[in-house]
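**Q** Give me coordinates for this.
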Amino acid sequence: MKLRFNFRSIKFRVWIYFLLFAAIILAVMWFLQVFFLNNYYEDMKIKETENTASVITSKYNSGNNKAFIAEMKEVAETDDMYISIEQNGARIYPGTAPDTTYQGYIDTAETLLTQSTYKSVSKSVNNASTNRNTLIYATYLDKNQNTIMCMIAPLYPVSSTIQIIQHQLIYIMIISLALAFILSVYLSSRISKPITDITRSARKLADGQYGTTFHADGQYSEIQNLADTLNKTSYELEKASILQKDLMANVSHDLRTPLTMIQSYAEMIRDLSGDDPEKREKHLQVIIEESERLNTLVTDVLELSRMQTGTMQINIMPFDLRNTLDQLVTPYHVLEMQQGYNIQLSCAESIYVSGDEERIKQVISNLLTNAVKYCGQDKTVIINVKLWGSVVHLEVIDHGMGIKPEELPYVWERYYKSSSHHVRSTSGSGLGLSIVKEILQLHGSKFGVESKVGKGTTFWFELPKTEPPKPEVKNA
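**A** Next up is the predicted model:
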């Protein structure tokens with residue numbers, strides 16, 4: 001079995017980046033310790049000597065000769081340093097070693113100081129006989145009295161120290177790289193594992209297994225957010241799949257019923273009632289009614305599809321809501337006279353709103369039709385229009401069986417029928433409230449439904465109030 005390693009995976013990238021980071025840190029440490037140790041040691045020795053000279057100078061200027069001598073002795077013993085002080089060529093403090101040992105260095109230091117314009121000088125001098133470097137330092141304690149302090153410090157070779165450090169660094173590098181390798185493998189696996197699990201679940205979702213659950217260990221907020229988003233996506237896809245199946249089943253059923261009726265009555269006309277004008281007229285009327293029902297269903301499906309795909313445009317203009325309501329309520333007077341319905345309209349004489357008048361007519365008509373279907377025993381439907389500041393609030397109220405609270409969020413779904421609404425058989429496409437929802441969303445309107453079981457249901461929506469359009473001025 002041939003193993004394939006993905007060099008572009010997060011696991012590999014985290015692993016290699018971590019190792020590279022560790023290697024770079026070790027390389028920088030090696031370079032600094034091995035190649036710069038000599039220069040670093042010398043620079044630090046010069047700074048240390050300068051700081052010591054500053055302390056001794058302050059003691060000298062304090063006038064406390066005893067403290068001054070004690071400080072020089074302590075420095076000479078602690079820092080392995082020879083100190084000599086001369087005033088006008090005469091040595092007033094000879095130091096702690098024979099003068100002949102460091103005389104040449106002292107002369108060199110004094111010469112450098114007198115030739116320099118600075119208050120102090122320092123230099124590393126190589127001894128040819130011993131092949132060792134010595135640091136010489138000279139400074140004025142009192143330039144007016146020509147008092148000069150010379151400090152001589154051997155610079156010990158650090159080659160042996162470098163070798164020790166090199167050996168130590170080898171062990172440090174081996175241990176550090178091993179630890180870095182183990183840690184990088186662990187971290188890369190911890191980071192990549194939840195992503196791998198999510199990818200595996202995403203493949204199931206892509207294969208049509210809607211309802212797949214995405215899990216994350218919760219250690220990384222970004223991965224947890226991704227899992228939550230995909231879980232919501234999975235839920236919505238599962239919901240859409242169920243609705244799609246329900247839509248196909250319901251549309252197929254609703255199409256088959258009128259088509260069967262049309263076919264049956266057409267055959268009856270052909271075989272039985274073709275020569276009987278009265279029967280033929282009844283049968284043709286059934287065919288016409290079923291054709292209209294079929295046309296309504298197809299029209300509603302097409303309109304809903306256009307709205308949901310964003311291809312439908314709305315024409316926002318001011319219109320008189322009272323006038324629109326009068327037009328919609330008038331056809332229901334027949335129901336009032338023949339079947340005892342009571343359609344009540346509560347609205348100001350004239351109130352203008354901003355919207356697509358034809359689409360808002362469709363919204364109100366669907367809500368009114370729905371209320372008439374489920375209005376209950378009192379057969380009362382109330383349309384209330386309220387003005388709330390710059391907003392017009394319209395309610396369609398019935399006193400029917402109502403809708404259970406847990407079912408309210410789903411009343412806008414296609415073909416959804418509340419369990420409380422099975423009072424009597426109803427006709428229609430089953431898409432009325434879905435169309436209402438899409439039209440109001442296109443308008444950016446607020447809308448909703450409130451209901452209590454046994455008391456009735458209220459559907460409502462809002463539109464912005466506007467001023468009446470100005471009449472066109474015709475030129476004379």
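
**Q** Tell me who's in contact with the residue lying closest to Lys437 once chain neighbours are set aside.
**A** Once flanking residues are discounted, Lys437 sits nearest to Trp412: 4.3 Å by CB to CB, 6 or more residues apart in numbering. The way it works is simple: take the backbone N, C-alpha and C, and place the C-beta from them, glycine included. Shown in contact with Trp412 (CB atoms under 8 Å, 6 or more residues apart in numbering): Leu433, Ser434, Val436, Lys437.

**Q** The last one: neighbouring residues, count only.
**A** So the one you mean is Lys437. Lys437 is flanked by 19 other residues according to other CB atoms under 10 Å.

**Q** ok, it touching Phe447?
**A** Yes - assessed by CB atoms under 8 Å, Lys437 is found in contact with Phe447 at 7.2 Å.

**Q** Ile85: what's its closest spatial neighbour, skipping adjacent residues?
**A** Per CB to CB, 6+ apart, closest to Ile85 is Tyr93, 4.0 Å.

**Q** pLDDT value on Ser120, please?
**A** Reading off the confidence values, Ser120 has pLDDT 86.

**Q** give the contact list for it.
**A** Glu50, Ala53, Leu113, Tyr137, Ala138, Thr139, Tyr140.

**Q** Just give me the neighbour total for the fifth one.
**A** What it means is Ala138. Ala138 has 27 neighbours, counted by other CB under 10 Å.

**Q** just the first one next, same as before
**A** By the other CB under 10 Å criterion, the neighbourhood of Glu50 contains 14 residues.

**Q** Can you say which helix or strand has it in it?
**A** Using DSSP states H and E, Glu50 falls within helix 37-61.

**Q** Show me which residues of that helix are buried.
**A** Counting neighbours by 16 or more other CB atoms under 10 Å, one finds that the buried residues in helix 37-61 are Asn38, Tyr41, Lys45, Ile46, Thr49, Thr52, Ala53, Ile56, Thr57, Lys59, Tyr60.

**Q** Over to stretch 139-158?
**A** For stretch 139-158, the buried set under the neighbour-count rule, 16+ other CB under 10 Å, comprises Thr139, Tyr140, Leu141, Thr147, Ile148, Met149, Cys150, Met151, Ile152, Ala153, Leu155.

**Q** next one: stretch 331-343
**A** Applying a neighbour-count criterion of 16+ other CB under 10 Å, one finds Tyr332, Tyr341, Ile343 buried in stretch 331-343.

**Q** contacting residues around the second one?
**A** Taking CB under 8 Å, 6+ apart as the definition of contact, the neighbours of Tyr341 are Tyr332, Leu335, Val372, Cys375, Lys379, Thr380, Val381.

**Q** Turn those into TSV, including distance to Lys232 and secondary structure.
**A** Converted to TSV, the contacts of Tyr341 look like this (distance: CB to CB, whole Å; DSSP: H, G, I helix; E, B strand; the rest coil):
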residue	distance to Lys232	secondary structure
Tyr332	43	helix
Leu335	45	helix
Val372	38	helix
Cys375	38	coil
Lys379	43	coil
Thr380	42	strand
Val381	38	strand
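
**Q** quick one, helices of the protein?
**A** 10-35, 37-61, 65-78, 99-115, 159-206, 221-268, 277-309, 321-329, 333-339, 357-373, 432-443 (DSSP state H).

**Q** Just put those helices in JSON lines and tack on mean pLDDT.
**A** Shown next, in JSON lines, are the helices of the chain (pLDDT from 0 to 100):
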{"stretch": "helix 10-35", "mean pLDDT": "75"}
{"stretch": "helix 37-61", "mean pLDDT": "78"}
{"stretch": "helix 65-78", "mean pLDDT": "79"}
{"stretch": "helix 99-115", "mean pLDDT": "79"}
{"stretch": "helix 159-206", "mean pLDDT": "76"}
{"stretch": "helix 221-268", "mean pLDDT": "74"}
{"stretch": "helix 277-309", "mean pLDDT": "74"}
{"stretch": "helix 321-329", "mean pLDDT": "91"}
{"stretch": "helix 333-339", "mean pLDDT": "80"}
{"stretch": "helix 357-373", "mean pLDDT": "89"}
{"stretch": "helix 432-443", "mean pLDDT": "87"}
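
**Q** circling back to that earlier point, tell me which of the contacts of Trp412 is nearest to Ser188?
**A** Lys437 (48.1 Å; CB to CB).

**Q** ok, now how distant is the closest one from Ile403?
**A** Distance of Lys437 to Ile403, computed by CB to CB, to the nearest Å: 15 Å.

**Q** before we move on, back to that, looking at the helices of the chain, which is nearest to Trp388?
**A** Nearest to Trp388, of the helices of the chain and by CB to CB, is helix 321-329 at 13.8 Å.

**Q** which other helices and strands contact the closest one?
**A** Judged by 3 or more CB pairs under 8 Å, 6 or more residues apart in numbering; DSSP states H and E, helix 321-329 is in contact with strand 342-346, helix 357-373, strand 380-388.

**Q** Let's see it as PDB, backbone CA atoms only.
**A** Below are the C-alpha coordinates for helix 321-329, written out as PDB (Å, rounded to 0.1, in the frame of the first residue of the first chain):
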ATOM      1  CA  LEU A 321     -54.600  52.200   1.300                       C
ATOM      2  CA  ARG A 322     -58.300  52.900   2.200                       C
ATOM      3  CA  ASN A 323     -59.200  52.900  -1.500                       C
ATOM      4  CA  THR A 324     -57.300  49.600  -2.000                       C
ATOM      5  CA  LEU A 325     -59.100  48.000   0.900                       C
ATOM      6  CA  ASP A 326     -62.500  49.100  -0.400                       C
ATOM      7  CA  GLN A 327     -61.800  47.400  -3.700                       C
ATOM      8  CA  LEU A 328     -60.800  44.200  -2.000                       C
ATOM      9  CA  VAL A 329     -63.700  44.000   0.500                       C
END
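
**Q** So which bits of it are buried?
**A** Applying 16+ other CB under 10 Å to helix 321-329 flags Leu321, Arg322, Thr324, Leu325, Leu328, Val329 as buried.

**Q** Pull the residues that contact that helix.
**A** Here helix 321-329 makes contact (CB under 8 Å, 6+ apart) with 343, 345, 347-353, 357, 360-361, 364-365, 368, 383, 385, 392, 394, 463.

**Q** hmm, back to that, ok, the residue nearest to Ile85 touching Tyr82?
**A** No - between Tyr93 and Tyr82 there is no contact under CB under 8 Å: 10.9 Å.

**Q** between the two, which one's more packed in?
**A** Tyr82 (22 against 16).

**Q** pretty sure that one contacts Met151?
**A** Yes - counting by CB under 8 Å, Tyr82 touches Met151, with 7.2 Å between them.

**Q** Now do the helix holding Glu50 against helix 10-35, angle only.
**A** Counting by axes from the mean of the first three to the mean of the last three CA atoms, to 10 degrees, helix 37-61 lies at 60 degrees to helix 10-35.

**Q** Show me how far helix 37-61 is from its chain's centre.
**A** Once both centres are worked out by CA atoms, centre = their mean, to the nearest Å, helix 37-61 turns out to sit 57 Å from its chain's centre.

**Q** just checking, what packs against it?
**A** Helix 37-61 is packed against helix 65-78, strand 120-127, strand 132-142, strand 147-155, helix 159-206, with contacts defined by 3+ CB pairs under 8 Å, 6+ apart.
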